[in-house]
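[1] below is the structure, and that's it, no one-letter string:
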């Protein structure tokens, strides 16, 4: 049936509710709508609504109770009132209010809930097998109710239970009759339940509602909402206790999941410094989650407006943010900015702002987004950028490999020395440029160190693309991630070709000097021996007082030996000068070539 004014604008959740009896009439009492709970009880189909008035639902005596109150509603003297009215044998507590639609069409809204049962209900003792609870209206409602209903004798034994209660508990009606109502409770709730029962049957409390888990037949525990109330006769004697039960396990699970999700979301926000924000464009209201207050270093009690929030950005970024938000509002362009923020304590922070325009039916357009504190990330990126620049421009050779020792990056110094471009070496093992002149033991040790992910330093002879060879001082370091897992290797190489050449030349000079010293020492010892011998003879002749001519002869021989010694010394100096000049020329030539 199509619902007409004044109820066409009511939410379907209210119209289709099964939690209470709902009746809507026009101002003259013509029925416009009954929900399924009431229409089932009255055995009225939607096609018969137009033929029914309130006279067919309420007796004249019942209607007279509220006639004057309805006039007060029409005159605006009241907004709603409550009254207990019977429909057939069912007594309900009704809340009655004036229903007015936007086009000023008026009607009456009746919301009915179960009240104290009609006093014609008779409860027999425990030995009875029948009750007078078998009127058609009550029985139909009882059996078809979407919530569980149970009647208990004052001692807690079961008297009557509907199918929904059996469905929730997992027991049949026969099985429940052999149990006490507390058999469905967990031990931790027994004491409180017994105290509650005592309070209800002694009228210390009129009713009670609790949310507790019930033990099902197969240990299938379910969270349920239970509502207890006692029923007394006209002599104030306790007849029985009624319990409504509703399975709220799904709602409970959803609630727990939502709480857990909210907990995880809050922790995620704290761990990642991300907060959510929302801006209602129509009302100009701004909402922040707690993390955004922490990012701004503001108290949670602060209530900044959108205009005030913009002032926390650095001066050079304020116009950028304003223009981006305006573009988002007017053109729907997503907001995605990295800007500087000045906190309430004057600290400078980098933040990443995201935002999207949300437009829903009948709701004001709003912006929903997030702000993340990326100060640490930004500082790391700047540091990495600086280190990357140093690595690119340094004269040392930098090689970066993955954990399988495949090249993933080299700097300019590498390409300049080897002659290979970065595209030619990516994915290759750095050893492809090694030359056979490297000590095999060094190669074996290097391989073992790499297999064990250990640092190592050694000297290698490599060969460039053009065939040129060069010596390198290699310092290789393994790289590990936060979990101490091998990520790759970093190699820093220094070209020591010239140093090696100089060291080789020095070694050769030393060998030649040793050769000169060895050979010339024998040549030099001969004239020196002659000089020593002649001097001895002169002294001997002097002692013997030999003739002068003999002494002159010895002196001449001495002169010859001295000249010979002088010539030997000159030859040694010439050879030394020759070797020295040769090493200087070689060093200069190597410098020019490099």
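    Cool, got the structure. Owing to the predicted nature of the structure, the values given are computational and were not obtained by experimental measurement. Numbering: from 1, shown residues only.
[2] so how far is the helix or strand where residue 23 lies from its chain's centroid?
    If you go by DSSP states H and E, residue 23 is part of strand 21-26. Distance, stretch centre to chain centre, for strand 21-26: 50 Å (C-alpha atoms, centre = their mean, to the nearest Å).
[3] partner strands of the next helix or strand after it, parallel or antiparallel?
    Of the helices and strands lying after strand 21-26 in sequence (DSSP H and E), the nearest is strand 31-34. Next to strand 31-34 in the sheet, as set by DSSP bridges, lie strand 21-26 (antiparallel).
[4] contacting residues around the strand it pairs with?
    Strand 21-26 is contacted from outside by 6-7, 14-15, 31-35, 37-38, 41, 53-54, 57, 87, 92, 99, 105-113, using C-beta atoms under 8 Å, 6 or more residues apart in numbering. Backbone N, C-alpha and C define where each C-beta goes, glycine included.
[5] for stretch 454-472, buried residues please.
    Using 16 or more other C-beta atoms under 10 Å as the test for burial, stretch 454-472 gives 456, 458, 460-463, 470-472.
[6] likewise stretch 151-159?
    For stretch 151-159, burial by neighbour count (16+ other C-beta under 10 Å) applies to 151-153, 156, 158-159.
[7] need these in a markdown table (columns: pLDDT and secondary structure).
    As requested, those are exported to a markdown table (pLDDT from 0 to 100; DSSP: H, G, I helix; E, B strand; the rest coil):
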| residue | pLDDT | secondary structure |
| --- | --- | --- |
| 151 | 90 | strand |
| 152 | 88 | strand |
| 153 | 87 | coil |
| 156 | 85 | coil |
| 158 | 86 | strand |
| 159 | 85 | strand |
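[8] for these, name the two members farthest from one another.
    Maximum pairwise distance among the buried residues of stretch 151-159 (C-beta to C-beta): 11.6 Å, between 151 and 156.
[9] mind giving me the PyMOL select for the contacts of strand 21-26, buried ones only?
    In PyMOL, this line selects whichever of the contacts of strand 21-26 come out buried by 16+ other C-beta under 10 Å:
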select buried, resi 6+7+31+32+33+34+35+37+38+41+54+57+87+92+99+107+108+109+110+111+112
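[10] turn the buried residues of stretch 151-159 into a markdown table, including distance to residue 497.
    Formatted as a markdown table, those follow (distance: C-beta to C-beta, whole Å):
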| residue | distance to residue 497 |
| --- | --- |
| 151 | 102 |
| 152 | 100 |
| 153 | 105 |
| 156 | 100 |
| 158 | 100 |
| 159 | 104 |
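[11] about what we covered before: show me which pair in the buried residues of stretch 454-472 is furthest apart.
    Farthest-apart pair in these is 456 and 463; separation 20.9 Å (C-beta to C-beta).
[12] okay, now the unreliable bits of the stretch 251-400 of the chain?
    The stretch 251-400 of the chain contains residues with pLDDT under 70 at 255-256, 258-272, 360-364, 383-384, 386-387.
[13] now the stretch 401-550 of the chain
    Along the stretch 401-550 of the chain, segments meeting pLDDT under 70 span 482, 513-534, 536-550.
[14] in it, which spans are strands?
    Here the stretch 401-550 of the chain has its strands, by DSSP state E, counting those that start in this stretch, at 407-410, 456-463, 469-480, 486-495.
[15] distance to residue 221 for those strands - can I get that in JSON lines?
    Below are the strands of the stretch 401-550 of the chain laid out as JSON lines (distance: least, C-beta to C-beta, whole Å):
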{"stretch": "strand 407-410", "distance to residue 221": "56"}
{"stretch": "strand 456-463", "distance to residue 221": "63"}
{"stretch": "strand 469-480", "distance to residue 221": "48"}
{"stretch": "strand 486-495", "distance to residue 221": "49"}
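[16] tell me which of those lies nearest to residue 504.
    Between the strands of the stretch 401-550 of the chain, strand 469-480 lies closest to residue 504; by C-beta to C-beta that is 10.2 Å.
[17] strand partners (parallel or antiparallel) of that closest one?
    strand 456-463 (antiparallel), strand 486-495 (antiparallel).
[18] with distance to residue 506 added, can I get those in CSV?
    As requested, the strands paired with strand 469-480 are exported to CSV (distance: least, C-beta to C-beta, whole Å):
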stretch, distance to residue 506
strand 456-463, 17
strand 486-495, 19
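[19] ok, which of those comes nearest residue 169?
    When the strands paired with strand 469-480 are compared by C-beta to C-beta, strand 486-495 sits nearest residue 169, at 58.5 Å.
[20] who's in contact with the closest one?
    396-403, 405, 408, 414, 417, 430, 450, 453, 470-481.
[21] could you identify the buried members of the residues you listed?
    Among those, those scoring as buried are 397-399, 401, 414, 417, 430, 450, 470-474, 476, 478 (criterion: 16+ other C-beta under 10 Å).
[22] determine which two of those are furthest apart.
    470 and 478 (24.9 Å).
[23] wait, a helix at residue 44?
    No. Counting by DSSP: H, G, I helix; E, B strand; the rest coil, residue 44 falls outside a helix, being coil.
[24] was I right about it contacting residue 36?
    No. Distance between residue 44 and residue 36: 10.7 Å, which falls outside the contact criterion (C-beta atoms under 8 Å).
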